[in-house]
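Student: need a structure here:
(one chain, ligands or ions: 1)
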Amino acid sequence: MTIVDPVRTGGAVLAAVPTRLLIDGEWRDAADAARMEVVNPATEEVITEVADASLADVQAATAAAAAAQASWAATPARARSELLYRAYEEVMRRQDDLAVVMTSEMGKPLAEARGEVAYAAEFFRWFAEEAVRVDGGYSHRPDGTARTFVLKQPVGPCLLITPWNFPLAMGARKVAPAIAAGCTMVLKPAPQTPLTTLALAQVLLDVGLPAGVLNVVPTSRAAEVVEPVLTGGTIRKLSFTGSTAVGKLLLEQASKQVVRTSLELGGNAPYIVLADADLDVAVEAAVQAKMRNMGEACTAANRIFVHRSVAEEFAQRLADRMGTMPVGDGMVDGTLVGPMIDAASRDKVVRLMEDAICRGARVVGGGNVPAGTGYFVEPTVLMHVQPGSELLSTEIFGPVAALVTFDTVEEVLAAANDTEWGLVGYVITQDVDLAFEMGERLEVGMVGLNTGLVSTPSAPFGGIKHSGLGREGGRLGIEEFLDVKYLSLPIREGARA
Ligand code: NAP
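Tutor: Just a heads-up that it's a prediction; the model follows:
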């Protein structure tokens, strides 16, 4: 493959993105000079190459983070807060450019990419506000013999690992609280989408982030370079977003040095349409929950349970709605459905679809793979997906809606909870009491009631069961980067107040 002219794929914007490693405030080539290609999934063309970090580079990045830790922790919270606020403003100022970079390497429609930039920027604004609100506690022992002072301190150098599906937001959701808490970082983006992370790093340097606080090491050699660093004793915190399989592996590796670990992993979200649902709301929220990011979202509606009394009408309306969504290159105006990230992902979605159809699912709309270049899949609605179909037990990660009918609330709750995952669930009903009751009984970390979108920087995003550990965003997000310590001071005899 040859590298295409950047003018055709985003022009000067792409050409301006750094393509080297960021270590100790300097852009550097990999120690062994290795580089890796970045491919546009809509055109299958190589848009550029970036430095491909070796173990020596990741170790150098870790050493830089360790060296910067003490002075960064000692930087006043107000200074870190103001830097975060400048980052918020600067990310928004570069919204269009960052969106072009993201669409070029990841494929999502430009309008969605702009939306992700705004969502990512909000993490900087949110944590600018949180940075100056870290508090502790003061109390006397119940027997009156000592004072206890509780304080919070940065956990130390962090290893941050992000996926390709939301390349800016998943990075911002980790980097912003780490900056707020006073932690230094080594950030490893997914190899498919290094440019967005490198562009974000440039923003942070431009707003004054000191050398060594953030180090960025794109690599195609994750398994080889991450384990030695994670088990090496310098890293004190791992924050990972990605698949459950890799999360479990990293949790095991983190245990060697008892590294604090946050995991944002996969999901298998139930989306439940009750008999009394407003079908306009049910269809629009389903489109949001299924089609955002072409279905390549951990929060995507994976199993759509519809009450038998409304199943035919809902399926047809959803298929009609999804059928109107233009599929194509995200850079083209009007596109609402971009490509899958790569050929393997496209092939997996097609295999899951074919398996469900073989087992008896009915195609209500879509079902085809567009010919030509790009890893596209047509928006598809399948009804009567049968038990045992892989679609129901695997993250689909594509624009395929898998519908199952049900008769009773108890039956659907049991089916919804019958999965090892527990990230998010959705309930569509006009009965507010039932919405709350079901929300409380779903085994997940988040529930959308009459909405298909739950993500916001102001809420504690995260899952239970095999969907993860810890929370990102909200009041809890910064806590993941803070250690708790208490000081105990005896109260002298006769000095008790
Ligand atoms: P992935 O394959 O688990 O990869 C995630 C990151 O981990 C990538 O940077 C990847 O780099 C790295 N990685 C893979 N193997 C590794 C190893 N042995 N050691 C160290 N790092 C390793 O996931 P993905 O395909 O990029 O992303 C999709 C998954 O992320 C889905 O399951 C989705 O649900 C989940 N996700 C969850 C959330 C959430 O907040 N819960 C948000 C977004 C996505 P390489 O590709 O080079 O291996």
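Student: which parts of the chain sit against the ligand?
Tutor: Within the chain, the positions adjacent to the ligand are 161-166, 170, 188, 190-191, 222-223, 226, 241-243, 246, 249, 264-267, 298, 395, 423, 463, 468 by C-beta under 6 Å from any ligand atom. From N, CA and C alone the C-beta is placed, and that goes for glycine too.
Student: out of the residues you listed, which are inside helices?
Tutor: 170, 222-223, 226, 246, 249 (DSSP state H).
Student: from those, keep the buried residues only.
Tutor: By neighbour count, with 16 or more other C-beta atoms under 10 Å, those hold 170, 222, 226, 246 as buried.
Student: if we can go back for a sec, among the ones in helices among the residues of the chain next to the ligand, which two are most distant?
Tutor: Largest separation among those by C-beta to C-beta: Met170 and Ala223, giving 19.8 Å.
Student: now do the contacts for whichever residue of the stretch 51-200 of the chain sits closest to the ligand.
Tutor: Using C-beta to the nearest ligand atom, the single residue of the stretch 51-200 of the chain nearest to the ligand is Pro163, 3.2 Å away. With contacts taken as C-beta atoms under 8 Å, 6 or more residues apart in numbering, Pro163 has the following neighbours: 170, 190, 241-243.
Student: run a quick neighbour tally on Pro490.
Tutor: 10 (other C-beta atoms under 10 Å).
Student: next, give phi and psi for it.
Tutor: For Pro490, the backbone dihedrals (degrees, to the nearest 10) come out as phi -60, psi 150.
Student: any idea how far Leu265 is from the nearest residue to Leu250 once chain neighbours are set aside?
Tutor: Closest residue in space to Leu250, ignoring its immediate chain neighbours: Phe240 at 5.4 Å, by C-beta to C-beta, 6 or more residues apart in numbering. As for Phe240, its distance to Leu265 is 8 Å (criterion: C-beta to C-beta, to the nearest Å).
Student: any residues in contact with both of those two?
Tutor: Counting by C-beta under 8 Å, 6+ apart, the contacts common to Phe240 and Leu265 are Gly247.
Student: point out where the protein drops to low pLDDT.
Tutor: For the chain, applying pLDDT under 70 flags the ranges 1-10, 496-497.
Student: same thing but at 80, please
Tutor: Scanning the chain for pLDDT under 80 picks out the ranges 1-11, 495-497.
Student: check which helices and strands the longest helix seen in the chain is in contact with.
Tutor: When the chain is parsed with DSSP H, its longest helix is helix 110-131. Helices and strands touching helix 110-131, as assessed by 3 or more C-beta pairs under 8 Å, 6 or more residues apart in numbering; DSSP states H and E, comprise helix 77-93, helix 95-106, helix 169-181.
Student: what's the end-to-end length of stretch 212-220?
Tutor: With C-alpha to C-alpha, to the nearest Å as the measure, the first residue of stretch 212-220 is 22 Å from its last.
Student: name the residues of stretch 266-278 that are buried.
Tutor: Buried residues in stretch 266-278, counted by 16+ other C-beta under 10 Å: 266-275, 277.
Student: what of stretch 317-325?
Tutor: Under 16+ other C-beta under 10 Å, the buried positions of stretch 317-325 are 317-319, 321-322, 325.
Student: from the residues you listed, pick the one nearest the ligand.
Tutor: Of the buried residues of stretch 317-325, the one sitting nearest to the ligand (C-beta to the nearest ligand atom) turns out to be Met322, at 20.9 Å.
Student: and of the helices and strands packed on helix 110-131, who's closest to Ser389?
Tutor: Nearest of the helices and strands packed on helix 110-131 (C-beta to C-beta): helix 95-106, 28.4 Å.
Student: how about residues contacting that closest one?
Tutor: Residues contacting helix 95-106 (C-beta under 8 Å, 6+ apart): 9-11, 13-14, 16-17, 38-41, 47, 91, 108-110, 113-114, 116-118, 121, 164-165, 167-168, 192-196, 199-200, 330-331, 338, 341.
Student: contact partners for the residue in the stretch 101-250 of the chain positioned nearest to the ligand?
Tutor: Ranked by C-beta to the nearest ligand atom, the top residue of the stretch 101-250 of the chain for proximity to the ligand is Gly242, at 2.6 Å. Each residue near Gly242 by C-beta under 8 Å, 6+ apart is listed here: 161-163, 190, 264-265.
Student: ok, now with 10 Å
Tutor: Residues near Gly242 by C-beta atoms under 10 Å, 6 or more residues apart in numbering: 161-165, 170, 190, 222, 250, 263-266, 298.
Student: same deal with Leu336?
Tutor: 109, 111-112, 287, 291, 294, 322, 324-328, 330, 379, 399.
Student: leaving out chain neighbours, which residue sits closest to the residue nearest the centre of the chain?
Tutor: Centroid-nearest residue in the chain: Met170, 4.1 Å away (criterion: C-alpha atoms, centre = their mean). Nearest residue to Met170, sequence neighbours excluded (C-beta to C-beta, 6+ apart): Thr162, at 4.4 Å.
Student: so the one you found sits right up against Val246, yeah?
Tutor: No: using C-beta atoms under 10 Å, Thr162 makes no contact with Val246, being 11.7 Å away.
Student: shared neighbours, these two?
Tutor: With C-beta under 10 Å, 6+ apart as the test, Thr162 and Val246 both reach Phe240.
Student: tally of neighbours for Lys465?
Tutor: Lys465 has 18 nearby residues by other C-beta under 10 Å.
Student: isn't it right up against Gly425?
Tutor: No: with contact defined as C-beta under 10 Å, Lys465 does not count as touching Gly425 (12.0 Å).
Student: please, which helix or strand holds Leu251?
Tutor: helix 244-255 (DSSP states H and E).
Student: which residues sit against that helix?
Tutor: 159, 161, 163, 222-223, 226-231, 235, 237-238, 240-243, 259-268, 298, 395, 420-421, 423, 463, 465-469.
Student: and Trp72, how many neighbours?
Tutor: So Trp72, with other C-beta under 10 Å, has 24 neighbours.
Student: picking up where we left off before, can you list residues touching both of Lys465 and Gly425?
Tutor: 267-268, 417, 443-445.
Student: closest to the ligand out of those?
Tutor: Nearest to the ligand among the shared contacts of Lys465 and Gly425: Gly267, at 5.5 Å, using C-beta to the nearest ligand atom.
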